[in-house]
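Student: Provided below for reference: sequence and predicted model.
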Amino acid sequence: MWHAAGRLPPAGDYRGREAVFGFLGTLRELAGGSLPHFDVHAVLADDEHGVALVIGTISRDGRSLTWSGAHVFHLRDGKVAEFWDANTDQYAYDEFLGEFLG
């Protein structure tokens, strides 16, 4: 399960590989053909959970947005079973993507 934060589409919950890849494809379209880039600053993990502290950047049409956040993972049998993103400025992220929604 992939939990995408936000107030606008494509925010929501996605279950299964096909749904998650569809979500990532929608993000790519909104970003004009690329996905957000993440620089990882720290990773904290145990056998069941992982957290990556990140700085994200997304660009389109000569404009870009940079934010910090956390990616939270629930691990099961050595694989990611669930994912949540938490952005420090969700409103700015939603506003940036919202400008490109049809």
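Tutor: Nice, thanks for sending it over. A quick note: this is a predicted structure, and the numbers were derived from the prediction, not measured. Residues are numbered from 1 along each chain as shown.
Student: which residues are contacting the helix or strand harbouring residue 27?
Tutor: Using DSSP states H and E, residue 27 sits within helix 17-30. Residues outside helix 17-30 that contact it (C-beta atoms under 8 Å, 6 or more residues apart in numbering) are 2, 4, 9-10, 12, 14, 34-36, 60, 97, 100-101. Where you see a C-beta, it was placed from the backbone N, CA and C, and this is true even at glycine.
Student: ok, 6 Å please
Tutor: In this structure, residues lying in contact with helix 17-30 by C-beta atoms under 6 Å, 6 or more residues apart in numbering are 2, 10, 14, 35, 97, 100.
Student: Would you mark the buried spots in that helix?
Tutor: Residues 20, 23-24, 27, 30 are the ones in helix 17-30 that count as buried (16 or more other C-beta atoms under 10 Å).
Student: circling back: which among the contacts of helix 17-30 end up buried?
Tutor: Counted by 16+ other C-beta under 10 Å, those give 2, 10, 14, 97 as buried.
Student: Check this protein for its longest strand and report it.
Tutor: When the chain is parsed with DSSP state E, its longest strand is strand 63-76.
Student: Show me what secondary structure element comes after it.
Tutor: Using DSSP H and E, the helix or strand that directly follows strand 63-76 along the chain is strand 79-87.
Student: What are the buried residues along that next one?
Tutor: For strand 79-87, the neighbour count (16+ other C-beta under 10 Å) marks 83-85, 87 as buried.
Student: most centrally placed residue in this structure?
Tutor: Residue closest to the mean C-alpha point of the chain, counted by C-alpha atoms, centre = their mean, is residue 85 at 5.6 Å.
Student: Okay, it and residue 98: tell me how far apart.
Tutor: As judged by C-beta to C-beta, to the nearest Å, residue 85 and residue 98 stand 17 Å apart.
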